[in-house]
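Asks: All I have is the shape, not the residue letters:
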């Protein structure tokens, strides 16, 4: 089973950029749809962005569209989230999630069985 590991979080100022990485050591993700979710204190975990198994389809939440870019790495076990023009409301723990291709790419957290431990992103104003 995939065991995603996130990295790249940190403390930045509003307007700055960060790139998050998701790696699954020793396992190819070429047959999995992948997504980023985030959870702010006291709030539900929410969908941020998703990418299909072959990279052909991407999806974004309205709150990040035009600022964030999801991509799959050349290595078959990596995924990235480039975050530009960060805002204080982007502050959250960001999670990498994976699901098989039995069904399509989804923005619902309930259909993703494989999750990382998360990486903290804090944006100061």
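Replies: Yep, that arrived. Predicted model only: the values in this text are computed from it and were never measured.

Asks: Quick check: nearest residue in space to the residue nearest the centre of the chain, chain neighbours excluded?
Replies: For the chain, the residue sitting closest to the mean C-alpha position, by Cα atoms, centre = their mean, is residue 36 at 2.2 Å. Distances taken as Cβ to Cβ, 6 or more residues apart in numbering put residue 48 closest to residue 36, at 4.3 Å, once the chain neighbours are dropped. For every residue, glycine as well, the C-beta is placed using N, CA and C.

Asks: now that neighbour, what's its secondary structure?
Replies: strand (DSSP: H, G, I helix; E, B strand; the rest coil).

Asks: Could you pull up the residues touching it?
Replies: Counting by Cβ atoms under 8 Å, 6 or more residues apart in numbering, residue 48 touches 35-38, 60-61, 64, 68, 81, 94.

Asks: if we go to 10 Å?
Replies: Counting by Cβ atoms under 10 Å, 6 or more residues apart in numbering, residue 48 makes contact with 20, 35-38, 59-61, 63-64, 68, 70, 81, 83, 90, 92, 94-95, 107.

Asks: Given the helix or strand where residue 34 lies, what are its sheet partners and their directions?
Replies: Using DSSP states H and E, residue 34 maps to strand 32-39. Strand 32-39 pairs in its sheet with strand 46-51 (antiparallel), strand 92-100 (antiparallel), by DSSP bridges.

Asks: Apart from its neighbours in sequence, what residue is nearest the residue lying farthest from the centre of the chain?
Replies: Distance from the centre of the chain peaks at residue 125, with 22.7 Å (Cα atoms, centre = their mean). Closest residue to residue 125 apart from its sequence neighbours, by Cβ to Cβ, 6+ apart: residue 88 at 4.8 Å.
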